[in-house]
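Undergrad: Output the structure for:
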Amino acid sequence: MDDWRLHDFGKALYLCEKLGPLIDDIMVPTQGQKAGGGSGSHRGSSRPPLRVPILDLKMETEHLLAFWARILARETGQGLVLCPQRIAGIAAWMQARLHVLADAPAATVAAEEIIAQAQLLDSIFADDTPVEGSCREIAAACRQRGHDLSKSTIYRWVHDGLIPSTVRDGVVIVALSDVMNRLQ
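TA: Okay, the predicted model is just below:
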């Protein structure tokens with residue numbers, strides 16, 4: 001593995017170690033739609049109390065790291081310490097042995113997959129969303145953060161006076177922070 005790939009691999013493991021615990025924070029149970037101004041759950045189709053896409057990302061990341069930690073440990077003769085099935089623990093274990101694990105035959109493939117997964121994980125927490133925007137833009141930003149929210153719900157909150165808004169060029173503008181606070 002070349003030096004650049006090794007550096008990127010180390011950065012990816014650091015990102016996983018840093019962001020792993022934060023996934024649990026954004027996976028907290030959500031309020032039912034009735035409390036947020038919607039119609040509530042319908043018989044036979046109640047929604048789960050947590051954000052399923054975030055749970056999927058967490059489990060996928062944990063399994064990917066655990067899989068490659070086992071493979072690389074076996075190939076390099078490292079005794080795999082049983083880390084709890086947590087992203088941060090596995091990433092920290094791998095990062096502490098990075099230079100040894102980099103000599104494994106499968107290290108390049110592992111690095112590519114873990115780098116890609118770390119970038120996906122980082123995109124969840126990247127703050128490149130607009131601070132304010134139209135109801136459609138803010139609804140899209142909320143969906144990216146794991147909230148199932150429509151522009152119609154935001155319009156209704158504005159109409160009911162539950163969140164402040166302004167009108168620019170005929171477009172209703174709301175702040176992302178106001179909408180996120182309303183969701184809490």
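Undergrad: could you say which helix or strand contains Val174?
TA: When elements are assigned from DSSP states H and E, Val174 belongs to strand 171-175.
Undergrad: Could I have the CA atoms of that strand written out in CSV?
TA: In CSV, the C-alpha atoms belonging to strand 171-175 read as follows (Å, rounded to 0.1, in the frame of the first residue of the first chain):
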residue,chain,number,x,y,z
VAL,A,171,-40.9,32.4,-1.9
VAL,A,172,-41.4,31.5,1.8
ILE,A,173,-38.0,31.3,3.5
VAL,A,174,-37.5,29.4,6.7
ALA,A,175,-34.5,28.6,8.9
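Undergrad: Check which helices and strands the very next helix or strand once past it is in contact with.
TA: Following strand 171-175 in sequence order, the next helix or strand is helix 176-183 (DSSP H and E). Here helix 176-183 touches helix 135-144, helix 151-159, going by 3 or more Cβ pairs under 8 Å, 6 or more residues apart in numbering; DSSP states H and E. Bear in mind the C-beta positions are built from the backbone N, C-alpha and C, glycine included.
Undergrad: Can you tell me, leaving aside adjacent residues, what's nearest to the residue nearest the centre of the chain?
TA: The chain has Ile124 as the residue nearest its centroid, 3.9 Å off, counting by Cα atoms, centre = their mean. Spatial nearest neighbour of Ile124, excluding adjacent residues (Cβ to Cβ, 6 or more residues apart in numbering): Leu57 at 6.9 Å.
Undergrad: just checking, what packs against whichever strand or helix holds the one you found?
TA: For Leu57, the element it lies in under DSSP H and E is helix 52-76. Taking 3+ Cβ pairs under 8 Å, 6+ apart as contact, the helices and strands that helix 52-76 lies on are helix 3-26, helix 87-96, helix 98-101, helix 107-125.
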